[in-house]
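S.K.: below are the sequence and a predicted model; questions follow.
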Amino acid sequence: MNSQEGPAHRSGFACLVGRPNAGKSTLTNALVGQKVAITSGRPQTTRHTIRGIVHRDDAQLILVDTPGLHRPRTLLGERLNTLVRDTLTEVDAVGFCLPADQKVGPGDRFIAGQLAEIMRGRRGTPVVAVVTKADLVDRETLTQHLLAVDRLGDWADIVPVSAVDGFQVETLRDVLVSYLPEGPELYPGGELTDEPEAVMVAELVREAALEGVRDELPHSLAVVVDEIEPREGREGKEPLMDVRVNLYVERDSQKAIVIGKGGSRLRHVGTEARRGIEALLGTRVYLDLRVKVAKDWQRDPKLLNRLGF
């Protein structure tokens, strides 16, 4: 390369892992600069591999947000873990998220063990330890946590960040980009995610349905989009999309929680989700939500397949 040329363009995939609720989705959104992944104060909400795309003049970083790695207790858990491992073997760099406000625990050590194999593997994938939620602790606590994280493994880099106030988000972008191979843009400019619309609609409904529900619902809720189609006979009127969505829970008691007294909760979920869906689809939406019981769907291979897992 002669001195007249600028640095080569880099492009590739990076993936954020960590135990559930380690701040992966929020960090994905901060890195991309727009809301792509679903964020929720509840663990285990990202079910699909949502890719957020960071566009820069010198690089294109495609973020793959995986479900949290955990010790599997159900068939769904096993499938999620397999999905994570398959993802990890196909990316150029991994960001291992460890929240600053929680001590390094058995879950983190379990994941560190899995990542050690990937770092030693055929491709020798670099792993960057990302200490998330740095805004929640004082400097002394952060320093101690960084030392504990350093002892946990042989990391390519350690970067403390706060997705909330933007602390070191740009630094983390630079670090992840530095591990990408040289190459052209993999996605044309402007695209933020390659998820099909139905998946993003399902995630918006799921996020709204989980908001404020403080029991065992997160794992027991599956959302399936039945159809997204333009309402016919609207000539001369504002276009309208009919969006029909089924929410599956495992028990009648959970169905009652999602619907709420006199249907109040489901109406609230519909209002919240519709806002996001209209922004996503760029048109007015009629949202039809149905809550159904699918007994023990997390342990039933046939139901898992039907629900898209």
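M.R.: Great, that's in hand.

S.K.: pLDDT weak spots in the stretch 101-250 of the chain?
M.R.: Along the stretch 101-250 of the chain, the parts satisfying pLDDT under 70 run over 121-122, 187-196, 212-219.

S.K.: 90 - rerun?
M.R.: 106-107, 110-111, 113-125, 163-166, 183-204, 206-241, 248-250 (pLDDT under 90).

S.K.: now do the helices in it.
M.R.: In the stretch 101-250 of the chain, the helices defined using DSSP state H, counting those that start in this stretch lie at 106-120, 139-152, 169-178, 197-210, 217-220.

S.K.: just put those in a markdown table and tack on distance to residue 73.
M.R.: (Each C-beta comes from the backbone N, C-alpha and C, glycine too.) Shown next, in a markdown table, are these (distance: least, Cβ to Cβ, whole Å):
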| stretch | distance to residue 73 |
| --- | --- |
| helix 106-120 | 13 |
| helix 139-152 | 24 |
| helix 169-178 | 32 |
| helix 197-210 | 20 |
| helix 217-220 | 9 |
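
S.K.: return the most buried member of the ones you listed.
M.R.: Among the helices of the stretch 101-250 of the chain, the stretch with the highest mean neighbour count (mean count of other Cβ atoms under 10 Å) is helix 197-210, at a mean of 22.

S.K.: in terms of secondary structure, what does that helix contact?
M.R.: helix 217-220, strand 222-230, strand 240-249, helix 264-281 (3 or more Cβ pairs under 8 Å, 6 or more residues apart in numbering; DSSP states H and E).

S.K.: the longest one - what's its average pLDDT?
M.R.: Translated: helix 264-281. For helix 264-281, mean pLDDT rounds to 87.

S.K.: does anything pack onto it? Which helices or strands?
M.R.: On a contact count with 3+ Cβ pairs under 8 Å, 6+ apart, helix 264-281 meets helix 197-210, helix 252-259, strand 284-293.

S.K.: and of these, who's closest to residue 246?
M.R.: Set against residue 246 and scored by Cβ to Cβ, the helices and strands packed on helix 264-281 come closest in strand 284-293, at 5.1 Å.

S.K.: packing partners for that closest one?
M.R.: strand 240-249, helix 252-259, helix 264-281.

S.K.: partners of that strand in the sheet?
M.R.: Here strand 284-293 is paired, per DSSP bridges, with strand 240-249 (parallel).

S.K.: residue 274 contacts residue 285, correct?
M.R.: Yes - when contacts are counted by Cβ atoms under 8 Å, residue 274 is listed as touching residue 285 (5.5 Å).

S.K.: between these two, who's got more neighbours?
M.R.: residue 285 (22 against 19; other Cβ atoms under 10 Å).

S.K.: wait, residue 16 sits on residue 97?
M.R.: Yes - Residue 16 is within contact range of residue 97, at 5.7 Å (criterion: Cβ under 8 Å).

S.K.: give me the common contacts of these two.
M.R.: Residues touching both residue 16 and residue 97 by Cβ atoms under 8 Å, 6 or more residues apart in numbering: 24, 27, 130.

S.K.: the last one bridge partners, please.
M.R.: For residue 130, the residues forming beta bridges with it (DSSP bridges) are residue 97, residue 159.

S.K.: correct me if wrong: it contacts residue 96.
M.R.: Yes - Residue 130 sits in contact with residue 96 when judged by Cβ under 8 Å, with a separation of 6.4 Å.

S.K.: shared neighbours, the two?
M.R.: Common neighbours of residue 130 and residue 96 (Cβ under 8 Å, 6+ apart) are residue 18.
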